[in-house]
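In: I need the structure of the sequence given here:
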Amino acid sequence: MFKIIFLCIIFISFSKGDNTSSHMSSVGTDHINSSGEIQHITIKREIDPLCKNIHITNEMFWQSKYASKSVPDVCKSTFITSAGKTIYPMQLHKGVETYGEVEVLAFIKQMQEDNTMLMIDTRDEEWYEYRTIPGAMNIHYVYIMMTIVFEEEYKVSLEKLGIIGNKKSYDFSQAKTILVFCNGAWCSQSPKMVKALLTLGYPPEKIKWYRGGMDDWLGLSMTTTKKYQL
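Out: This next block holds a predicted model:
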(Lines give C-alpha, C1' and ligand atoms only; values in the text may rest on other atoms or scores of the structure.)
Protein backbone atom coordinates (compact mmCIF):
# COMPACT_ATOMS: atom_id res chain seq x y z
CA MET A 1 0.00 0.00 0.00
CA PHE A 2 2.84 2.36 0.91
CA LYS A 3 4.53 1.65 -2.46
CA ILE A 4 1.36 2.54 -4.35
CA ILE A 5 0.96 5.84 -2.48
CA PHE A 6 4.66 6.63 -3.04
CA LEU A 7 4.41 5.96 -6.78
CA CYS A 8 1.28 8.12 -7.05
CA ILE A 9 3.10 11.02 -5.33
CA ILE A 10 6.02 10.67 -7.76
CA PHE A 11 3.65 10.56 -10.74
CA ILE A 12 1.77 13.68 -9.62
CA SER A 13 5.04 15.53 -8.98
CA PHE A 14 6.39 14.75 -12.42
CA SER A 15 3.06 15.58 -14.06
CA LYS A 16 2.96 19.03 -12.49
CA GLY A 17 6.45 19.84 -13.66
CA ASP A 18 6.11 18.36 -17.13
CA ASN A 19 6.02 21.09 -19.75
CA THR A 20 6.85 18.80 -22.66
CA SER A 21 3.30 17.73 -23.42
CA SER A 22 0.73 19.90 -25.11
CA HIS A 23 -2.50 21.01 -23.50
CA MET A 24 -3.66 22.12 -26.93
CA SER A 25 -6.23 19.62 -28.10
CA SER A 26 -6.48 21.40 -31.43
CA VAL A 27 -5.17 24.38 -33.38
CA GLY A 28 -7.07 26.26 -36.08
CA THR A 29 -5.28 27.62 -39.13
CA ASP A 30 -6.07 29.12 -42.52
CA HIS A 31 -4.68 27.19 -45.48
CA ILE A 32 -4.61 28.52 -49.05
CA ASN A 33 -5.22 25.70 -51.53
CA SER A 34 -4.06 25.46 -55.15
CA SER A 35 -7.13 27.41 -56.32
CA GLY A 36 -6.27 30.30 -54.05
CA GLU A 37 -9.23 29.56 -51.79
CA ILE A 38 -8.78 29.99 -48.04
CA GLN A 39 -9.75 26.95 -45.99
CA HIS A 40 -10.03 27.11 -42.22
CA ILE A 41 -8.76 23.78 -40.90
CA THR A 42 -8.66 22.52 -37.34
CA ILE A 43 -5.54 20.45 -36.68
CA LYS A 44 -5.81 17.65 -34.14
CA ARG A 45 -5.19 13.95 -33.65
CA GLU A 46 -7.90 12.22 -35.66
CA ILE A 47 -8.58 9.01 -33.77
CA ASP A 48 -11.47 6.78 -34.77
CA PRO A 49 -13.57 5.72 -31.73
CA LEU A 50 -12.79 2.07 -32.55
CA CYS A 51 -9.10 2.73 -31.91
CA LYS A 52 -9.63 4.07 -28.40
CA ASN A 53 -10.67 0.69 -27.04
CA ILE A 54 -7.69 -1.34 -28.26
CA HIS A 55 -5.81 -2.94 -25.39
CA ILE A 56 -2.13 -2.08 -25.81
CA THR A 57 0.09 -5.16 -25.68
CA ASN A 58 3.18 -6.34 -27.56
CA GLU A 59 1.13 -9.00 -29.33
CA MET A 60 -1.50 -6.48 -30.39
CA PHE A 61 0.79 -3.70 -31.63
CA TRP A 62 4.06 -5.32 -32.71
CA GLN A 63 3.18 -8.83 -33.79
CA SER A 64 5.98 -9.75 -36.22
CA LYS A 65 6.10 -6.88 -38.78
CA TYR A 66 2.43 -6.04 -38.59
CA ALA A 67 -0.33 -5.27 -36.14
CA SER A 68 -2.51 -8.11 -34.91
CA LYS A 69 -5.33 -9.17 -37.25
CA SER A 70 -7.77 -8.28 -34.49
CA VAL A 71 -6.88 -4.57 -34.77
CA PRO A 72 -9.52 -2.79 -36.92
CA ASP A 73 -8.19 -1.64 -40.30
CA VAL A 74 -9.12 1.97 -39.53
CA CYS A 75 -6.60 1.91 -36.66
CA LYS A 76 -3.68 0.69 -38.76
CA SER A 77 -1.12 2.76 -40.64
CA THR A 78 1.15 1.56 -43.43
CA PHE A 79 4.80 2.59 -43.33
CA ILE A 80 6.96 2.16 -46.38
CA THR A 81 10.71 1.76 -46.49
CA SER A 82 12.11 3.64 -49.47
CA ALA A 83 15.30 5.17 -50.81
CA GLY A 84 17.41 7.33 -48.55
CA LYS A 85 20.29 5.88 -46.56
CA THR A 86 20.91 8.98 -44.47
CA ILE A 87 19.20 9.41 -41.12
CA TYR A 88 19.57 13.02 -40.10
CA PRO A 89 20.64 13.89 -36.56
CA MET A 90 18.39 15.70 -34.12
CA GLN A 91 20.33 18.93 -34.66
CA LEU A 92 21.33 20.21 -38.11
CA HIS A 93 23.14 23.29 -36.82
CA LYS A 94 23.87 24.60 -33.33
CA GLY A 95 21.65 27.64 -33.93
CA VAL A 96 18.73 25.83 -35.62
CA GLU A 97 16.05 24.43 -33.31
CA THR A 98 14.60 20.99 -34.01
CA TYR A 99 10.84 20.71 -33.52
CA GLY A 100 8.51 17.89 -32.61
CA GLU A 101 4.76 17.86 -33.11
CA VAL A 102 3.93 19.90 -29.99
CA GLU A 103 6.30 22.66 -31.09
CA VAL A 104 4.86 22.56 -34.62
CA LEU A 105 1.34 23.07 -33.23
CA ALA A 106 2.52 25.96 -31.08
CA PHE A 107 4.25 27.51 -34.11
CA ILE A 108 1.10 27.20 -36.22
CA LYS A 109 -1.01 28.75 -33.48
CA GLN A 110 1.34 31.71 -33.07
CA MET A 111 1.68 32.07 -36.86
CA GLN A 112 -2.02 32.98 -37.10
CA GLU A 113 -1.31 36.30 -35.38
CA ASP A 114 2.25 36.89 -36.57
CA ASN A 115 3.00 37.58 -40.25
CA THR A 116 6.74 37.30 -39.60
CA MET A 117 6.38 33.51 -39.31
CA LEU A 118 6.14 30.98 -42.14
CA MET A 119 5.78 27.21 -42.21
CA ILE A 120 7.34 25.80 -45.38
CA ASP A 121 6.85 22.45 -47.09
CA THR A 122 10.14 22.03 -48.99
CA ARG A 123 8.93 19.19 -51.21
CA ASP A 124 7.87 19.64 -54.83
CA GLU A 125 4.43 20.94 -55.77
CA GLU A 126 2.95 17.51 -56.55
CA TRP A 127 3.68 16.24 -53.03
CA TYR A 128 2.48 19.48 -51.48
CA GLU A 129 -0.81 19.49 -53.40
CA TYR A 130 -1.49 15.85 -52.59
CA ARG A 131 -1.12 16.27 -48.82
CA THR A 132 0.62 18.66 -46.47
CA ILE A 133 0.37 20.13 -42.97
CA PRO A 134 -2.40 22.75 -42.91
CA GLY A 135 -1.04 26.28 -42.97
CA ALA A 136 2.17 25.39 -44.81
CA MET A 137 3.25 27.16 -47.98
CA ASN A 138 5.32 25.48 -50.66
CA ILE A 139 8.88 26.53 -51.51
CA HIS A 140 10.68 23.71 -53.29
CA TYR A 141 14.16 23.25 -51.85
CA VAL A 142 15.75 23.29 -55.31
CA TYR A 143 14.66 26.90 -55.79
CA ILE A 144 17.10 27.88 -53.03
CA MET A 145 19.85 25.48 -54.12
CA MET A 146 19.82 25.76 -57.92
CA THR A 147 19.53 29.51 -58.27
CA ILE A 148 20.75 29.70 -61.87
CA VAL A 149 18.33 27.07 -63.17
CA PHE A 150 15.38 28.46 -61.22
CA GLU A 151 16.24 32.15 -61.32
CA GLU A 152 12.67 33.50 -61.24
CA GLU A 153 11.49 31.00 -58.63
CA TYR A 154 14.53 31.89 -56.55
CA LYS A 155 13.66 35.59 -56.59
CA VAL A 156 10.04 34.90 -55.64
CA SER A 157 11.20 32.61 -52.83
CA LEU A 158 13.51 35.28 -51.42
CA GLU A 159 10.60 37.73 -51.38
CA LYS A 160 8.42 35.23 -49.51
CA LEU A 161 11.22 34.71 -46.98
CA GLY A 162 11.65 38.43 -46.46
CA ILE A 163 15.19 38.55 -47.83
CA ILE A 164 16.10 41.91 -49.38
CA GLY A 165 18.90 42.74 -51.80
CA ASN A 166 21.11 40.76 -54.16
CA LYS A 167 23.81 38.12 -53.90
CA LYS A 168 26.48 40.62 -52.95
CA SER A 169 24.61 42.18 -50.06
CA TYR A 170 21.58 40.33 -48.73
CA ASP A 171 19.62 42.08 -45.98
CA PHE A 172 18.12 39.63 -43.47
CA SER A 173 16.70 42.25 -41.10
CA GLN A 174 13.17 41.47 -42.33
CA ALA A 175 13.74 37.71 -42.74
CA LYS A 176 10.83 35.55 -41.60
CA THR A 177 11.07 33.03 -38.80
CA ILE A 178 10.53 29.81 -40.72
CA LEU A 179 9.62 26.23 -39.88
CA VAL A 180 10.68 23.79 -42.63
CA PHE A 181 9.88 20.12 -43.15
CA CYS A 182 9.77 17.39 -45.79
CA ASN A 183 8.95 13.66 -45.70
CA GLY A 184 10.77 12.44 -42.62
CA ALA A 185 14.01 11.97 -40.70
CA TRP A 186 15.49 10.27 -43.78
CA CYS A 187 14.41 13.03 -46.18
CA SER A 188 17.21 15.32 -47.41
CA GLN A 189 15.08 18.11 -48.88
CA SER A 190 14.52 20.30 -45.81
CA PRO A 191 18.11 19.79 -44.52
CA LYS A 192 19.42 20.87 -47.94
CA MET A 193 17.27 23.98 -47.87
CA VAL A 194 18.48 24.79 -44.35
CA LYS A 195 22.09 24.38 -45.45
CA ALA A 196 21.55 26.58 -48.52
CA LEU A 197 19.87 29.30 -46.46
CA LEU A 198 22.64 29.28 -43.87
CA THR A 199 25.19 29.59 -46.69
CA LEU A 200 23.34 32.70 -47.90
CA GLY A 201 23.65 34.16 -44.41
CA TYR A 202 20.14 33.46 -43.12
CA PRO A 203 20.10 33.85 -39.31
CA PRO A 204 20.06 30.31 -37.84
CA GLU A 205 17.91 31.43 -34.92
CA LYS A 206 15.17 32.24 -37.44
CA ILE A 207 15.13 28.68 -38.80
CA LYS A 208 13.16 25.86 -37.14
CA TRP A 209 13.25 22.29 -38.48
CA TYR A 210 10.53 19.67 -38.08
CA ARG A 211 12.69 16.55 -38.36
CA GLY A 212 9.86 13.99 -38.36
CA GLY A 213 8.07 15.63 -41.27
CA MET A 214 5.08 13.99 -42.94
CA ASP A 215 6.19 10.52 -41.84
CA ASP A 216 5.80 11.29 -38.14
CA TRP A 217 2.84 13.62 -38.69
CA LEU A 218 0.81 10.88 -40.39
CA GLY A 219 2.03 8.26 -37.93
CA LEU A 220 0.40 10.27 -35.15
CA SER A 221 -2.86 10.60 -37.12
CA MET A 222 -2.56 14.38 -37.31
CA THR A 223 -4.85 16.41 -39.57
CA THR A 224 -3.58 17.03 -43.11
CA THR A 225 -5.02 18.93 -46.06
CA LYS A 226 -5.95 15.79 -48.03
CA LYS A 227 -9.50 15.38 -46.77
CA TYR A 228 -10.10 19.12 -47.18
CA GLN A 229 -9.40 19.25 -50.91
CA LEU A 230 -12.35 20.84 -52.74
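In: Not counting its own residues, what contacts stretch 70-80?
Out: Stretch 70-80 is contacted from outside by 48, 50, 51, 54, 60, 61, 67, 215, 218, 219, 221, using Cβ atoms under 8 Å, 6 or more residues apart in numbering. Where you see a C-beta, it was placed from the backbone N, CA and C, and this is true even at glycine.
In: Just to be sure, which of the residues you listed are found in strands?
Out: Counted as lying in strands by DSSP state E, out of the contacts of stretch 70-80, is not a single one.
In: Would you map the strands across the chain?
Out: Using DSSP E, strands in the chain cover 27-32, 38-43, 97-99, 117-121, 137-138, 177-181, 207-210.
In: Serialize these to CSV and add fields for distance to residue 74.
Out: Converted to CSV, these look like this (distance: least, Cβ to Cβ, whole Å):
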stretch, distance to residue 74
strand 27-32, 24
strand 38-43, 20
strand 97-99, 28
strand 117-121, 27
strand 137-138, 30
strand 177-181, 26
strand 207-210, 26
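In: want to try TSV for the ones you listed, with mean neighbour count, mean pLDDT and distance to residue 194 as columns?
Out: As requested, these are exported to TSV (neighbours: other Cβ atoms under 10 Å; pLDDT from 0 to 100; distance: least, Cβ to Cβ, whole Å):
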stretch	mean neighbour count	mean pLDDT	distance to residue 194
strand 27-32	16	90	23
strand 38-43	14	90	23
strand 97-99	16	98	11
strand 117-121	23	98	10
strand 137-138	16	97	16
strand 177-181	24	98	6
strand 207-210	24	98	6
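In: In terms of pLDDT, where does residue 49 sit?
Out: Per-residue confidence (pLDDT) for residue 49: 89.
In: can you count the residues close to it?
Out: Look at residue 49: counted by other Cβ atoms under 10 Å, it has 7 neighbours.
In: Quick check: it vs residue 197, distance?
Out: Using Cβ to Cβ, to the nearest Å, residue 49 is found at 43 Å from residue 197.
In: again with residue 59
Out: For residue 59 relative to residue 197 (Cβ to Cβ), the value is 47 Å.
In: what do you get for residue 115?
Out: 19 Å.
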